[in-house]
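Student: This is a predicted model, with the sequence first.
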Amino acid sequence: MHELSIAQSIFETVLQEKEKSRLPAIEKIGLRIGAMSGILADSLEFSFDAIKIDTELAETNLEIEIVPLKGCCQSCRQEFKVENYAFFCPHCESGRIEVMQGMDMEIAYLEVED
Ligand SMILES: [Zn+2]
């Protein structure tokens, strides 16, 4: 994955939000990264730290939460955690799985200075 471009896009999104909502200094950006999103948290943090130097977000840190991969069986409708890339239902062994979470990344919250 291209952590640098993802970090860049987080940076721009948050900066826009800060200006639009006239937020005070942002201390933390809460990120939720899917276990199967292909995004490396360390690499993303490293990229973000490089981008933020000498900007309005110089003091802002990322708080990353890894979201486990969750699937829903299309045959028996049960939800379960997908482990070790085993894409079949642990209840009925169907392979018809819909991925519910864990494939993408989102900005969960912004923590601003009091
Ligand atoms: Zn099932």
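Tutor: Yes, it's here.
Student: Now the residue of the chain most remote from its centre: which helix or strand?
Tutor: The outermost residue of the chain relative to its centre, with distances by CA atoms, centre = their mean, is residue 92 at 30.4 Å. Using DSSP states H and E, residue 92 falls within no helix or strand.
Student: and the closest residue in space to it that isn't next to it in sequence, how many residues sit next to it?
Tutor: Leaving out its chain neighbours, the residue that sits closest to residue 92 by CB to CB, 6 or more residues apart in numbering is residue 76, at 4.6 Å. (C-beta placed from N, C-alpha, C; glycine too.) Neighbours of residue 76 under the rule other CB atoms under 10 Å: 12.
Student: same question, residue 41
Tutor: Neighbours of residue 41 (other CB under 10 Å): 16.
Student: which SS state does the residue nearest to residue 92 fall under?
Tutor: For residue 76, the assignment made with DSSP: H, G, I helix; E, B strand; the rest coil gives coil.
Student: likewise residue 100?
Tutor: Applying three-state DSSP to residue 100 yields a three-state assignment of strand.
Student: Pretty sure it sits against residue 78.
Tutor: No - in this structure, residue 100 is not within contact of residue 78 by CB atoms under 8 Å, at 11.3 Å.
Student: rewinding a little: report the contact partners of the residue nearest to residue 92.
Tutor: 89, 91, 92, 94 (CB atoms under 8 Å, 6 or more residues apart in numbering).
Student: Not counting sequence-adjacent ones, nearest residue to the second one?
Tutor: Same thing as residue 91. residue 78 (4.8 Å).
Student: Hmm, the one you found is touching residue 72, no?
Tutor: Yes - Residue 78 is in contact with residue 72 according to CB under 8 Å; the separation is 7.3 Å.
Student: Neighbour count: those two, which is higher?
Tutor: Counted by other CB under 10 Å, residue 78 and residue 72 do not tie: residue 72 has more neighbours, with 16 against 13.
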